[in-house]
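1. only geometry, no sequence info:
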């Protein structure tokens, strides 16, 4: 998970640098007004946002894994509420914050289906190595998900 966290925080910092300093190819077009230009926040209706919300909630609703790990925690009465109470902050930073930064640097109208928004953002900024890093992070995330699934299934058995 540190690979994912580091990548997202790094991407947010790079986008902040592009917005404030303008050090990349996207520096001339990067602006916070990209968030509401080209039709506003829901130019194609609210349906797309609702479908995306399902994916986000699926990623955060590993209730079975929380229950399994609670049994192995030294102090579940302290650790579990703390972990659960940080979920809104994690969603705000890692999903909403990352989207705000990406969409400020690259207008939403340039994204195409089948292409990662992170990869597209790094390409627009002229940071080609970012695409390779994002692909590595996606592979690591998939392996991490498989690992946690095997762990929780094994513990339940």
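-> Structure received. These figures come from a predicted structure and were not determined experimentally.

2. model confidence at residue 64, what's the number?
-> Looking at residue 64, its pLDDT reads 64.

3. could you do residue 117 as well?
-> In this model, residue 117 is scored at 82, pLDDT.

4. mind listing what it touches?
-> Shown in contact with residue 117 (C-beta atoms under 8 Å, 6 or more residues apart in numbering): 102, 106, 111. The way it works is simple: take the backbone N, C-alpha and C, and place the C-beta from them, glycine included.

5. where in the protein is pLDDT low?
-> Within the chain, the stretches with pLDDT under 70 are 27, 58-64.

6. what about the strands in it?
-> Taking DSSP state E, the chain contains no strands at all.

7. just checking, what's the longest helix in it?
-> Counting residues, the longest helix found in the chain (DSSP state H) is helix 129-156.

8. in that helix, what's buried?
-> Within helix 129-156, the residues that count as buried by 16 or more other C-beta atoms under 10 Å are 130, 131, 133, 134, 137, 148, 152.

9. ok, now which ones touch the closest residue to the fourth one other than its chain neighbours?
-> Distances taken as C-beta to C-beta, 6 or more residues apart in numbering place residue 118 nearest to residue 134, at 4.5 Å, with adjacent residues excluded. Residue 118 sits next to 11, 102, 130, 134 when contact means C-beta under 8 Å, 6+ apart.

10. how near is the closest residue to residue 119 other than its chain neighbours to residue 74?
-> Nearest residue to residue 119, sequence neighbours excluded (C-beta to C-beta, 6+ apart): residue 131, at 4.4 Å. Taking C-beta to C-beta, to the nearest Å as the measure, residue 131 falls 41 Å from residue 74.

11. all helices for this protein, in order.
-> With DSSP H as the criterion, the chain has helices at 2-20, 47-60, 63-70, 76-85, 87-90, 98-105, 117-124, 129-156.

12. distance to residue 34 added to these, as TSV?
-> Formatted as TSV, the helices of the chain follow (distance: least, C-beta to C-beta, whole Å):
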stretch	distance to residue 34
helix 2-20	10
helix 47-60	17
helix 63-70	36
helix 76-85	33
helix 87-90	24
helix 98-105	5
helix 117-124	11
helix 129-156	19
